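In: Please work out how this folds:
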Amino acid sequence: MNSVKSPNIKAVFFDIDGTLISLKTKVIPESTQNAIKNLREKGIKVIVATGRSINDLNHIKHIEFDGFLTFNGGYCMTIDGQVMFKQTIHPEDIKNLINHSEKSSVSFSLMYEDKVRISHESPQVLELYTHVNIPVPPLYDKETLDIENVLQVNVFIEPENEVSFMKQVMPNSLSSRWTSLFADVNPGGISKQKGVEYFCEHFNIDVTETMAFGDGGNDISMLKFVEIGVAMGNAGDNVKEIADFVTEEVDNHGVEAALIHFGLLD
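Out: Here you go, the predicted model:
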């Protein structure tokens, strides 16, 4: 792969599942780990950009990053623990979700700053937590349920039902997805793009000096916004279509290959 002259990139944002972590092996390829280390040695900020909770990052804790964009931009934190931004879902949407779930077969996960609770252990819920290699969370207790501080919801609905569900049940929120299994639901106006904006402001970096990697629908806003948006080879077609560059799959050293292509690695 021939390299091209790169803009003056000062920050690179990385999705986790399917980008840093292989969905097949559940680990980060050694080539990717070395690439991240080399970027930071060059003074380039490396920031996680994920739909995961801030407390579901154990799989990447052995790697040094400069910040964490979590809950799809709803919770942004620097490496030293400074919370730059936090936005919860409108409580009325959570009420509607619970009422809807009690009348239907829809299951969901409620994600907080310090915990996750699930509606019930449906096959779809169990598949999700196996998929991302995280223990299945406890069931929520309706008597003590906190509806004020939910940062993100995973709703297990089919893609074809997503638009009508959001309009009827959670109208104050925004949905996106990286799998057909479920939709990520975040506060209206929240996206990975917004998270990138917060980090650019924090580090005094212009968006023309940014690059991002992703593979799912929840990465689209980020990949379109940064100067160089890279879709992994394992990404969906909707992600590849909007990307500036499509690299190899995560298991075929896609991160390293793209960084070499753009001249960020030797």
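
In: any idea how far L174 is from H131?
Out: Counting by Cβ to Cβ, to the nearest Å, the separation of L174 from H131 is 22 Å. Where you see a C-beta, it was placed from the backbone N, CA and C, and this is true even at glycine.

In: Neighbour count for these two, which is higher?
Out: Each of L174 and H131 has its neighbours counted (other Cβ atoms under 10 Å); L174 has more, 18 against 14.

In: Remind me what the helix or strand hosting that one packs against, helices and strands.
Out: Secondary structure from DSSP states H and E places L174 in strand 173-179. With contacts taken as 3 or more Cβ pairs under 8 Å, 6 or more residues apart in numbering; DSSP states H and E, strand 173-179 sits against helix 162-169, strand 182-187.

In: So what touches it?
Out: 17-18, 51, 72, 89-90, 93, 131, 153, 155, 159, 162, 166, 183-191, 215-221 (Cβ atoms under 8 Å, 6 or more residues apart in numbering).

In: Buried ones among the residues you listed?
Out: 17-18, 51, 72, 89-90, 93, 153, 155, 162, 166, 183-187, 190-191, 215-221 (16 or more other Cβ atoms under 10 Å).

In: Out of those, list just those in strands.
Out: Taking DSSP state E, the ones among the buried ones among the contacts of strand 173-179 that sit in strands are V153, V155, A183, D184, V185, N186, P187.

In: Mind putting those residues into JSON lines with distance to V246 and pLDDT?
Out: Conversion of those to JSON lines gives the following (distance: Cβ to Cβ, whole Å; pLDDT from 0 to 100):
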{"residue": "V153", "distance to V246": "31", "pLDDT": "96"}
{"residue": "V155", "distance to V246": "29", "pLDDT": "95"}
{"residue": "A183", "distance to V246": "24", "pLDDT": "93"}
{"residue": "D184", "distance to V246": "23", "pLDDT": "93"}
{"residue": "V185", "distance to V246": "28", "pLDDT": "97"}
{"residue": "N186", "distance to V246": "26", "pLDDT": "96"}
{"residue": "P187", "distance to V246": "31", "pLDDT": "97"}
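
In: which of these lies closest to I60?
Out: Distances from I60 to these, taken as Cβ to Cβ, are shortest for D184 (18.5 Å).

In: Do I have it right that that closest one meets G216?
Out: No: in this structure D184 lies outside contact range of G216 using Cβ atoms under 8 Å: 9.0 Å.
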